[in-house]
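# what would the 3D arrangement of this be:
(one chain, ligands or ions: 1)
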Amino acid sequence: MKIYIAYTGGTIGMVPSDNGLVPDEAFAEQLAQQLGASNEIIHDFVIQRYEHLIDSSNATPKDWQTIASDIQSKWQAFDAFIVLHGTDTMAYTAAALSFMFAHSDKPIIVTGSQVPMYKVRSDAMINVMGAISACEASVYEKAVNGVFLFFAGRLIEGDRAHKAHTSDWQAFNSPHQPERGVLGIDWRWRDVDLTHQRMTIQIPEMKESAVTILPVFPGVQAEHWQGLLNENVKGAVLLSYGAGNAPDKNTALLALLNAATSRDVVIVNVSQCGAGRVAAGAYAAGSALVQAGVVSGEDMTYEAAFVKLHFLIGLGLSAEEIKAIF
Ligand code: ASN
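So this is what the prediction gives:
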């Protein structure tokens, strides 16, 4: 197999500095040596070190575009793609790639590690080898074509992953759907419907300022959200309580939401619970949001909802079209 590995930064390739861990340029070479040292790995690898290696907390939608354009330019030349990325925003990038490479007919696996590869007690090679194994599986297990996040033995759909732990090896979960595959000694696969859907690659121009997140918390005031809903914003993820609730007695807050949706800002309701589905309307406190024009994010993670807004706004769709797609 010809496998393209994009090294974008993240802990996996970091080394200590006076200010803590920083990405290391030499990592790509070290990884190439490790992969080359084994007779068991028979693939052709190209490992590309990105010019600006980042801690993924610095990632922006522009980085999603850069990674996607890079993969697109290599599409015909490779059978599979692995993106080495920091964990902090890995779920966002995996979601972005899964929208941009919808129904991908090749595997695109995003992974990284909790501990840098230079440490003896590191999860780096375990995760890299798992990602390679997922690519290999795509040959006989068609279910693996598509965009996934692989971490600590779990192969999670790119738009379903959530960073759920700061320090466990198992840093990611898939709160709304079982993982596509779990890798122990062997893979265990979840059955999926493999009805062929035509692949599309769409890499829209995305503006940082276009999408925001509105947190709900006890005592939240319209003033808290005013700046967040500025005139550049076209979409927002509202992080609601429980099954999709927010304070319905706060008329100023609802008026602010109403004003935003009336000027075609798409506001998507996602629960801050971390798991479960939004059922806005089950309570009066949720109905008020529906009346203010807020749409339900159903069982999406906030990462996926945030990225999907960026993607659809970037495609230039109207607020009505975006709401219908949600
Ligand atoms: N701060 C790091 C990053 O996201 C965390 C990691 O990769 N484990 O780049």
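# number of nearby residues for residue 232?
Number of residues near residue 232 (other C-beta atoms under 10 Å) recorded here: 11. Yep, even glycine has a C-beta here, placed from its N, CA and C like the rest.
# what parts of the protein come near the ligand?
9-11, 55-57, 86-88, 112, 114 (C-beta under 6 Å from any ligand atom).
# those in strands, which ones?
Judged by DSSP state E, the subset of those located in strands is residue 9.
# okay if I get the residues of the chain next to the ligand as CSV plus neighbour count, distance to residue 227 and pLDDT?
Shown next, in CSV, are these (neighbours: other C-beta atoms under 10 Å; distance: C-beta to C-beta, whole Å; pLDDT from 0 to 100):
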residue, neighbour count, distance to residue 227, pLDDT
9, 25, 30, 98
10, 29, 31, 98
11, 23, 32, 98
55, 17, 26, 97
56, 20, 25, 98
57, 10, 21, 98
86, 24, 28, 98
87, 24, 29, 98
88, 18, 24, 98
112, 29, 33, 98
114, 20, 34, 98
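# from residue 64, how far off is residue 234?
As defined by C-beta to C-beta, to the nearest Å, residue 234 lies at a distance of 17 Å from residue 64.
# circling back: now, which of the residues of the chain next to the ligand sits nearest the ligand?
Distance to the ligand across these (C-beta to the nearest ligand atom) is lowest for residue 86, with 1.9 Å.
# correct me, but that closest one touches residue 53?
No - between residue 86 and residue 53 there is no contact, the gap being 9.7 Å when judged by C-beta atoms under 8 Å.
# could you name every residue contacting both of these two?
Common neighbours of residue 86 and residue 53 (criterion: C-beta atoms under 8 Å, 6 or more residues apart in numbering): 8-9.
# ok, residue 178 - contacts?
Here residue 178 is in contact with residue 190 (C-beta under 8 Å, 6+ apart).
# helix or strand for it, which one?
Counting by DSSP states H and E, there is no helix or strand that carries residue 178.
# how many neighbouring residues does whatever residue of the stretch 201-326 of the chain ends up closest to the ligand have?
Relative to the ligand, the nearest point of the stretch 201-326 of the chain is residue 303 (13.3 Å; C-beta to the nearest ligand atom). Here the number of neighbours of residue 303 (other C-beta under 10 Å) works out to 23.
# ok, now which ones touch it?
Contacts of residue 303 by C-beta under 8 Å, 6+ apart are 91-92, 95, 161-163.
# what's the closest non-adjacent residue to residue 21?
residue 14 (4.0 Å; C-beta to C-beta, 6 or more residues apart in numbering).
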